[in-house]
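Coordinates for the following, if possible.
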Amino acid sequence: MTENPETRADNQPSINTEAVTGSVETWDDLQIGFSGNPKAKLDERGRLKMPAEFKAFIERKYGKDFNAFYITSQDGETAEIYPMPEWHQRMGKILKMPKSHPARIKLLERYNLFGGRADMDPQGRVLFPEELQQTAELTGDVKVSGEGSYLRVTSLKKLRESVKANPLTAQEIDSLTGYDL
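Below you'll find the model as predicted:
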């Protein structure tokens, strides 16, 4: 079975039974957002060449000349790449929170420390902020994961270590059934 971007009353995607029966289904990626997880590389200058499938999605959603991104991190372990319209929407939500809210203060500190605007060059590359490159150890091989409205970039070495050190337990797998997984 495959999921359809239409949602049920409980805000979960509905199942497209046509896909189960073999009929062609349209996956509305413009509705769902970034999806996939290709391997990529950061070059010696800290630039990521946008994977082809994500670059194509960006062109479909934002237009061929779109190049404005904000790259940051909540935790200093992974990078988050937001197309600028998505970043503005996220910041709008954060700025509606009370200025004295402790989580708001900490989140903005992290976004400010690790973040910066990145314009994609004509070759499809974006430059990562130096502080984030160093802290998250973003050099060489990385995984670029589509997470709806943004992309997450993780050091492939650190991702492998994390998966090995933190296996998914039977209890955690069972807990996923509540989400129809």
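
hey, let's count contacts and neighbours off CA atoms from now on
OK.

Torsion angles phi and psi at the residue nearest the centre of the chain?
Computing the C-alpha centroid of the chain and ranking residues by CA atoms, centre = their mean puts residue 151 first, at 2.4 Å. Residue 151 has phi and psi values of phi -110, psi 140 when expressed as degrees, to the nearest 10.

Please verify my assumption that it contacts residue 78.
No: counting by CA atoms under 8 Å, no contact exists between residue 151 and residue 78, whose distance comes to 10.1 Å.

quick revisit: what's near enough to touch the residue nearest to the centre of the chain?
Listed by CA atoms under 8 Å, 6 or more residues apart in numbering, the contact set of residue 151 reads 34, 80-82, 144-145.

same question, residue 129
Neighbouring residues of residue 129 by CA under 8 Å, 6+ apart: 71-72, 114-116.

Next, count neighbours for the closest residue to residue 115 other than its chain neighbours.
Spatial nearest neighbour of residue 115, excluding adjacent residues (CA to CA, 6 or more residues apart in numbering): residue 72 at 3.8 Å. Other residues near residue 72 come to 25 when the count uses other CA atoms under 10 Å.
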